[in-house]
Every structure is written in C-alpha cells, then in structure tokens.
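Colleague: With the sequence up front, the predicted model follows.
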Amino acid sequence: LAKYYGCGLVAPAELNGLRVVDLGCGSGRDCYVMAQLVGAKGHVTGVDMTDEQLDVAKAHMQWHAEKFGYANTTFVKGFIERLQDVGLEDESTDLIISNCVINLSPDKEAVLREAYRVLKPGGELYFSDVYAD
C-alpha cells in the first residue's frame, strides 16, 4: 500500500450479503476490504469523481476475483452529490460508507439527501471524516 488518504474505515459488525456503496472510493482499498466482508452474495459499488483513482481501483479487480473466488465490486465515475447520475436507484443499498470524503463536498446537504434516497428502509450510513468550525 503505497498511499492512503483516509481517516479510517468504519462499518457495522455484520455485513454478509449486504449491498454497499462507498462514497469517494479513491483507489478502491476500502471497497476491496468490504467486498470480502459482504461475501459472494453481497456487492460493493465504489463511486469516485477522478479517472486516475478509478483506474487504480479497477486495475485490481481481477486479482481480487481470482484470489477470493468471486467478483462483487463495481467502480463508477460520478459525484457523491448526484448518485442518480451513476445509476443508484431509490432504496437499493443496505449500507453506505465514506472515509474522509464528505468533508470535501461543496454541497454536504445534497450528499446526505442522496444517501437517504438510495438507502433501503433501515439502511445505514457509516462515515469517518474531519470537520472544523
């Protein structure tokens, strides 16, 4: 692991079979950790706005699929304020994670509104971030 820019991955204890979205997935590190925790019946979608980060994330998809015997990750380019633009449907997600990214958004209210929209009833948002006033 050459570079790591996060604050720390946070997630609930039971993840098997969940559909997870990572807001601001960067190089995909947290997505690949979550992919193993959700197992073959779960799925992780990483959303990032930069081609460079997504290229790094996608470069490791085949290795993870071969190593663990299943492919359950998707990486999409888009803005975390506009999840509808990347095809995330209403009430389609069990868990949203974000590791030190929401603070970078110029419209945090839109991020939270979109998170609420895509979460299933009872779904959760877990994030670690930096805030200052």
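Modeller: Structure's in. What do you need? Numbering: from 1, shown residues only.
Colleague: doesn't residue 96 fall inside a helix?
Modeller: No. Applying DSSP: H, G, I helix; E, B strand; the rest coil, one finds residue 96 to be strand, outside a helix.
Colleague: what pLDDT does it get?
Modeller: Confidence at residue 96, expressed as pLDDT, is 98.
Colleague: Give me the neighbour count for it.
Modeller: By other Cβ atoms under 10 Å, 27 other residues sit near residue 96. Glycine gets a C-beta too; all of them are placed from N, C-alpha and C.
Colleague: Strands of this structure, residue ranges please.
Modeller: For the chain, the strands defined by DSSP state E occupy 19-23, 43-48, 73-77, 93-99, 119-128.
Colleague: Could you measure from residue 108 over to residue 28?
Modeller: Counting by Cβ to Cβ, to the nearest Å, the gap from residue 108 to residue 28 is 23 Å.
Colleague: So the two - more neighbours on which side?
Modeller: residue 28 (25 against 15).
Colleague: ok, and the closest non-adjacent residue to that one?
Modeller: The shortest distance from residue 28 to any non-neighbouring residue, by Cβ to Cβ, 6 or more residues apart in numbering, is to residue 57 (3.0 Å).
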